[in-house]
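Undergrad: Any chance you can model this:
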Amino acid sequence: MKKIMIKGAMAVLIASYSLMASAEDKAMTLMLDWFVNPNHGPVVIAQQKGYFKEEGLNITIQEPADPSMPAKLVAANNVDLAISYQTSLTIDVAAGLPLIRSATLIATPLNTLMVLDNGNINSLADLKGKKVGISIAGNEEATIGTMLKTEGVDFSEIKIINVGWALSSSLASGKVDAIWGGLRNFETNQLALEGYKAKSFFPEEHGVPSYDELVFVANAKTYDAEALKKFNHAIEKATLFIVNHPEEAWRTFVSYAPDTLNNELNKRAWNDTLTRFALRPAAVDLQRYDRFSAFMYQHKIIKTLPKAQDFVPVL
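TA: Have a look, this model is predicted:
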């Protein structure tokens, strides 16, 4: 009887300790850059596999109503973390927003200058006099212009057309001859599923400095360094799980929202995104960040030149 009572008391203590530990988990809100998709693989895996929980974190994942707002909400201290773009982060920091890059999610560019692979356009030089569709205006003269210049075409020799979010359909229908803003892991597959083969020209191969497509950002004034280290460790663990077990990771990923995630486009995009995830999310190359900021400054995308050491802390 005494042994039973002792075991019972220990069970109560263990249960009480677990409840206390759960109550002490650090609560953090993470706002994505867009609706959940394969680009967010490590975040979803870390949530589904309990890696955040193992680090003592209680992460609430939110999707934005307005994709332009996540980083601004972090700057205003309305959310703890957000997924943004290195390009956007550089613009925001140069404009004075209190933001830091806390980790990298996608470590390579995804954006491309895309055409149909039908023999009509075989090089960037063939775009002279052609129409290029974009979805968001702002830095196309710097990026597309730099790419075209590598093959002797001036930016003034093409026509830019804003097609909104209808990038793939505008290219497929012939409304435009090329699109800028199509992602190599998504639009290429979307066009393929619709019966069109696409050809991509990569900015990092045509004069544009390489950059991180997706990064995590936090408030520069209020961030919790220890919590960010734990978050980054969970993301790194999830990324390694994806690399080591891609098929199992895919099943875990779609279990987050089967009705919207389990489809052929996402499956193809998942396979094409695996090699893009940052294997060491916390690691950073400050010179690489400074090089890209200098490019943006040179092309007047930003009016001040921020130093990477000021907005990319080593955690």
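
Undergrad: which residues does Trp270 contact?
TA: Residues in contact with Trp270, defined by C-beta atoms under 8 Å, 6 or more residues apart in numbering, are Pro38, Gly41, Pro246, Trp250, Phe253. Where you see a C-beta, it was placed from the backbone N, CA and C, and this is true even at glycine.

Undergrad: So which of those sit within helices?
TA: Assigned to helices by DSSP state H, the following of these qualify: Gly41, Pro246, Trp250, Phe253.

Undergrad: tell me which of those is nearest to Arg184?
TA: Set against Arg184, the nearest of these by C-beta to C-beta is Gly41 (15.8 Å).

Undergrad: For the closest one, the count of nearby residues, please.
TA: 27 (other C-beta atoms under 10 Å).

Undergrad: I figured it hits Ile242, correct?
TA: Yes: using C-beta atoms under 8 Å, Gly41 is in contact with Ile242, at 5.6 Å.

Undergrad: Keeping just the C-alphas, turn the lengthiest strand in the chain into PDB.
TA: The residue-count maximum for a strand in the chain (DSSP state E) belongs to strand 99-106. Coordinates of each C-alpha in strand 99-106 appear next as PDB, following Å, rounded to 0.1, in the frame of the first residue of the first chain:
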ATOM      1  CA  LEU A  99      13.500  45.500 -37.700                       C
ATOM      2  CA  ILE A 100      16.200  42.800 -37.600                       C
ATOM      3  CA  ARG A 101      16.700  39.600 -39.600                       C
ATOM      4  CA  SER A 102      16.700  36.800 -37.000                       C
ATOM      5  CA  ALA A 103      17.100  33.800 -39.300                       C
ATOM      6  CA  THR A 104      16.900  32.600 -42.900                       C
ATOM      7  CA  LEU A 105      14.100  30.400 -44.200                       C
ATOM      8  CA  ILE A 106      14.800  30.300 -48.000                       C
END
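
Undergrad: what is the rounded mean pLDDT of the helix or strand following it?
TA: Following strand 99-106 in sequence order, the next helix or strand is strand 111-116 (DSSP states H and E). Across strand 111-116, the average pLDDT comes to 96.

Undergrad: Counting by contacts, list what strand 111-116 packs against.
TA: Helices and strands touching strand 111-116, by 3 or more C-beta pairs under 8 Å, 6 or more residues apart in numbering; DSSP states H and E, are helix 140-149, helix 167-173, strand 178-183, helix 187-193, strand 198-201.

Undergrad: Give me the distance from that strand to the chain's centre.
TA: On the basis of C-alpha atoms, centre = their mean, to the nearest Å, strand 111-116 sits 18 Å off its chain's mean C-alpha point.

Undergrad: ok, and what's touching it?
TA: 121, 124, 127, 132, 143-144, 147, 171-172, 177-184, 187-188, 191, 196-203, 213.

Undergrad: let's go with 6 Å and repeat that
TA: The contact list for strand 111-116, computed with C-beta atoms under 6 Å, 6 or more residues apart in numbering, reads Ile121, Ala178, Ile179, Trp180, Gly182, Arg184, Tyr196, Ala198, Lys199, Ser200, Phe201, Phe202.

Undergrad: CA atoms only for it, dumped as CSV, please.
TA: This file holds the C-alpha atoms of strand 111-116, laid out as CSV (Å, rounded to 0.1, in the frame of the first residue of the first chain):
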residue,chain,number,x,y,z
ASN,A,111,12.2,35.0,-58.3
THR,A,112,12.9,34.6,-62.1
LEU,A,113,12.4,36.3,-65.4
MET,A,114,10.2,33.6,-67.1
VAL,A,115,9.2,32.9,-70.7
LEU,A,116,7.5,30.0,-72.5
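
Undergrad: what about the nearest residue to Asp117 once chain neighbours are set aside, distance to Leu148?
TA: Nearest non-adjacent residue to Asp117, counting by C-beta to C-beta, 6 or more residues apart in numbering: Lys199, 3.9 Å away. As judged by C-beta to C-beta, to the nearest Å, Lys199 and Leu148 stand 16 Å apart.

Undergrad: Tell me which of the two has more neighbours.
TA: Using other C-beta under 10 Å, the more surrounded residue of Lys199 and Leu148 is Leu148, with 24 against 17.

Undergrad: for the stretch 151-300 of the chain, what spans make up the strands?
TA: Using DSSP state E, counting those that start in this stretch, the strands of the stretch 151-300 of the chain run over 159-162, 178-183, 198-201, 214-219.

Undergrad: As CSV, those with distance to Phe311 would be great.
TA: Listed next are the strands of the stretch 151-300 of the chain as CSV, based on distance: least, C-beta to C-beta, whole Å:
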stretch, distance to Phe311
strand 159-162, 30
strand 178-183, 25
strand 198-201, 30
strand 214-219, 9
